[in-house]
Each structure stands twice: as C-alpha cells, then as structure tokens.
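Q: Mind folding the following:
(2 chains)
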Protein chains: 2
Amino acid sequence: MPTEQEMKASLQKYLEGFNEGNSEKVISLFAEDARVEDPVGSEPLKGKASITTFFQQAIPSVKRLELAAPIRGSHGNAAAMAFNIYVEMEGKGAVIRCIDVMTFNDDGFIIDMKAYWGPEDVQS
Amino acid sequence: MPTEQEMKASLQKYLEGFNEGNSEKVISLFAEDARVEDPVGSEPLKGKASITTFFQQAIPSVKRLELAAPIRGSHGNAAAMAFNIYVEMEGKGAVIRCIDVMTFNDDGFIIDMKAYWGPEDVQS
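A: Residues are numbered from 1 along each chain as shown, chains lettered A, B, ... in the order given. As a prediction, this is how the structure comes out:
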C-alpha cells in the first residue's frame, strides 16, 4: 500500500499535469484497470484507454486547477482533495467546485477516482 | 433520491449539530443501517446503535467544525465537504483536516459516511 505522502504526491501531480497541459503526466498516475466516475452519478469510465481519451479531451479545456484546502490522506489506501476547476464556457470564465477521492492499488497507481461536483457547483 | 440541495442541507446540519453540541441532531441524519468509516482505513461502524455511541463520544470532544470550502454535491446520491475539526488534545489545541463523503438513501438519510484524514492531517 502506498504511504500517505506518496498518495498526496500523486494528487499533487494530477493538479500539476492539468496546470502544465501535460495529459501524459496525469494518465501515468492511473492503473491499467482504473475506474473514473467524473462526476459521481455519471456512467464510470473503465480501463486506461477510456481514461486516456477522457483526460486528453478534458485537460485542454481547463485553464487552471487550484486547491481549495490542503490535500487529505487517510488511514487506508485513499486520499482526497477539494479544489476549483477554472474553465472557459461559451466564451466566459466559469469555476467548478469539486472534491476528488482517489483510491490506490498496492503498486501506488490510482485504481478508482470519484469526482464530487453537482450542477449547483458550476458558477459563471 | 434526495436533491443536491437536500444533501447539502444535511451536511450543513451535521456541522451545526457538532457546533451546537447536539448529538441528536447529527444522529438523526443517519439511516438505521448506515455505515460510518472514520477515518477511512479503520474498521467501519455498522448500524444506528454503534453510530449513536460514536457520535455521543465524539461530539463533546470537538470544539468546532469549520468548512474549508463550500460543500460539493454530485450528479448522484452523494455530497462531500472539506472541513477542519478543532479539538483539544492533551490540554493543547489541535486541528484535524478532513474530507467527509456522505452517500444518501432514497429517503434522504445518510447510508454511508467516509471520513478522509490521515496521521499527517492532524496538527497541533
């Protein structure tokens, strides 16, 4: 099981990958058989191929991710973070307030990502 | 399924119950067969009796809960919040940085609570 520090470093790299426009950096954090549910309540993506397509589309549409509070760990194989997603929608700036929960496999890769944000959490 | 507003109101009441020292208010938010894993990685509590005992012990030991960022909803039956728990440990003030994820049943009660905080998230 990865350490708390290793899991937090992975979430930090996730933010950096977005902010550097580096989809490879983000995708490399995920396991081959990872599951991504973004937003929670939508049909989950399963497997690295779907996840790769998802992030290759998502990352260029995001201007900036910014932590809203320090990343949290756990006493298990998961870490979580509250952050803001700054995007451009229909030519206007908007922010999506989000909390991501990442669960890790024994090799330190993200095996499950859940993104909590609802329609009310999108503000222009 | 509860609305996003109803789920966020439930999380707000959870905070209020702690801050008012009102364990009844907190416990009333949970379903009879709810599951509480606090912190994530520990043995989960199952059922209202265990959960009642847990909150009756926890609430008096907490000085204040304070949101670190606005509560997040989802497109499903869950909501999440990043907050700080101010406690007194061994006569000194400490803060635990936490993210709670609450999942709701169709009647609007919390059926699952996961609290993400690790040893590093406790600071005196």
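
Q: Please tell me how far the residue lying farthest from the centre of chain A sits from residue A:21.
A: Distance from the centre of chain A peaks at residue A:91, with 23.9 Å (C-alpha atoms, centre = their mean). Per C-beta to C-beta, to the nearest Å, residue A:91 is found 20 Å from residue A:21. Quick note: C-beta positions are derived from backbone N, CA and C, even for glycine.

Q: in stretch A:78-85, what's buried?
A: Neighbour counts using 16 or more other C-beta atoms under 10 Å in any protein chain shown place A:78-85 of stretch A:78-85 among the buried residues.

Q: Is any residue of that stretch near chain B?
A: Yes. Applying C-beta under 8 Å from any C-beta of the partner chain, one finds stretch A:78-85 in contact with chain B at A:78-82.

Q: Near chain B, which residues of chain A are found?
A: So chain A meets chain B at A:4-5, A:8, A:39-42, A:68-70, A:72-82, A:97-99, A:101, A:114, A:116-121 (C-beta under 8 Å from any C-beta).

Q: mind running it again at 6 Å?
A: Counting by C-beta under 6 Å from any C-beta of the partner chain, chain A comes close to chain B at A:4, A:39-42, A:68-70, A:72-76, A:78, A:80, A:82, A:97, A:99, A:116-118, A:120-121.

Q: Touching the helix or strand hosting residue A:63 from outside, list them.
A: Here residue A:63, judged by DSSP states H and E, is contained in strand A:62-67. Defining contact as C-beta atoms under 6 Å, 6 or more residues apart in numbering or on different chains, one finds that strand A:62-67 is touched by A:15, A:18-19, A:83-87.
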